[in-house]
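> No letters, just coordinates:
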């Protein structure tokens, strides 16, 4: 039995490191800043490292935050029996967090969250949608375009189409005209995305309804779908644009708070008004946990129609932990702060 104190290692990719790397790769600085903004959760969470360390200490653990660039050397000497790795940010293209769970596996260390293969799958929306469809889940079919040319033609859609980048964060590159009624305009958007971000776009039939998110943190090893927090996320519009998202996090969000202009979307429990939709979402989440391997910590985005029809949009294996919705989930479901919820989940895996 190892005599080392159990340790939680949180691996994160800093916003500035990503920005510098993208600029060095000849991305326009303004576009690089937009891409790197999706790592603002790392920036926001850094202020809580002390709180997480204290929460871990209270439960008999030590805590070490490790930047992604230091991850390989930091993990190399860790004890396999007493170390748990938690990856804060995913990514296989513009972001690189998907390397962290693979490095943990390479070093024989325990990791919280999904298998590292899912870190890659969830970041490619077209491939992810194909797998989800094969599992019989209600994901919209999708076309795929690159710089104004179809790689896969989208299905017909009387309600129009929704266009978004394939490998970037969900809101990166999404403009107010991303819901379009003309496939020529969809190709125009693909040229705009390719020029700005060097990414393909997926083009899905537009589905009406309200945006909903299912959040999950398995505090105990036996936690199941009963612990999902399922809420409508009402931001005042049909969908969040990139600018809407930027206003919530990082330096832009901090400036909005300082100016008294910060407004979070409203979270309303789906079960309160549409209990059948809530039940359907739980069945979908269970299918993802059993059939795909989601576990420990994740989020799933949906569109929910008034008749309780549910459309699965995407899943995340690294939900934005310091974001308003996940904090609310920890309070509502577990009665804990984010730091205490994370430390409790880690302790239950290391000390069980």
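Received the coordinates, thanks. A quick note: this is a predicted structure, and the numbers were derived from the prediction, not measured.

> residues in contact with the host helix or strand of residue 52?
Secondary structure from DSSP states H and E places residue 52 in helix 49-58. Helix 49-58 has contacts (C-beta atoms under 8 Å, 6 or more residues apart in numbering) with 8, 10, 62-63, 65, 337, 339-340, 342-344, 346-347. Every C-beta, even on glycine, is put in place using the N, C-alpha and C of the backbone.

> model confidence over that helix, on average?
Computed over helix 49-58, the mean pLDDT rounds to 98.

> what helices or strands is the top helix by length along the chain leaning on?
Among the elements of the chain assigned as helix by DSSP state H, the one spanning the most residues is helix 183-197. With contacts defined as 3 or more C-beta pairs under 8 Å, 6 or more residues apart in numbering; DSSP states H and E, the secondary structure elements packing on helix 183-197 are helix 29-36, strand 143-146, strand 149-152, strand 161-165, strand 201-205.

> Out of these, the one nearest residue 263 is which?
With C-beta to C-beta as the criterion, residue 263 lies closest to helix 29-36 of the helices and strands packed on helix 183-197, at 20.6 Å.

> circling back to that earlier point, the helices and strands packed on helix 183-197: which one's closest to residue 265?
Comparing the helices and strands packed on helix 183-197 by their distance to residue 265 (C-beta to C-beta), the top pick is strand 161-165, with 18.3 Å.

> Paired strands for that closest one, with orientation please.
Partner strands for strand 161-165, per DSSP bridges, with pairing direction: strand 179-180 (antiparallel), strand 201-205 (antiparallel).

> What's the mean pLDDT across that strand?
The pLDDT scores in strand 161-165 average 94.

> picking that back up, could I get the helices and strands packed on helix 183-197 as CSV with distance to residue 130 and mean neighbour count?
Listed next are those as CSV, based on distance: least, C-beta to C-beta, whole Å; neighbours: other C-beta atoms under 10 Å:
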stretch, distance to residue 130, mean neighbour count
helix 29-36, 25, 19
strand 143-146, 10, 21
strand 149-152, 10, 13
strand 161-165, 16, 26
strand 201-205, 11, 26
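
> out of the ones you listed, nearest to residue 299?
Taking C-beta to C-beta as the measure, the helices and strands packed on helix 183-197 were each checked against residue 299, and strand 161-165 came out nearest at 17.0 Å.

> Quick check: the closest residue in space to residue 265 that isn't next to it in sequence vs residue 100, distance?
When the adjacent residues along the chain are set aside, residue 265 lies closest to residue 235, with 3.9 Å between them (C-beta to C-beta, 6 or more residues apart in numbering). With distances defined as C-beta to C-beta, to the nearest Å, the gap from residue 235 to residue 100 amounts to 30 Å.

> Compare the two (neighbour count), which wins?
Regarding residue 235 and residue 100, a neighbour count based on other C-beta atoms under 10 Å identifies residue 100 as having more, with 31 against 16.

> Is the more buried one in contact with residue 91, as I believe?
No - counting by C-beta atoms under 8 Å, residue 100 sits too far from residue 91 to count as a contact (9.8 Å).

> can you pull the buried residues of stretch 41-57?
41, 42, 43, 44, 45, 48, 51, 52, 53, 55, 56 (16 or more other C-beta atoms under 10 Å).

> starting at the chain centroid, how far to that stretch?
Centroid separation between stretch 41-57 and its chain, computed with C-alpha atoms, centre = their mean, to the nearest Å, is 19 Å.

> How far does it stretch from one end to the other?
Stretch 41-57 has an end-to-end distance of 23 Å (criterion: C-alpha to C-alpha, to the nearest Å).
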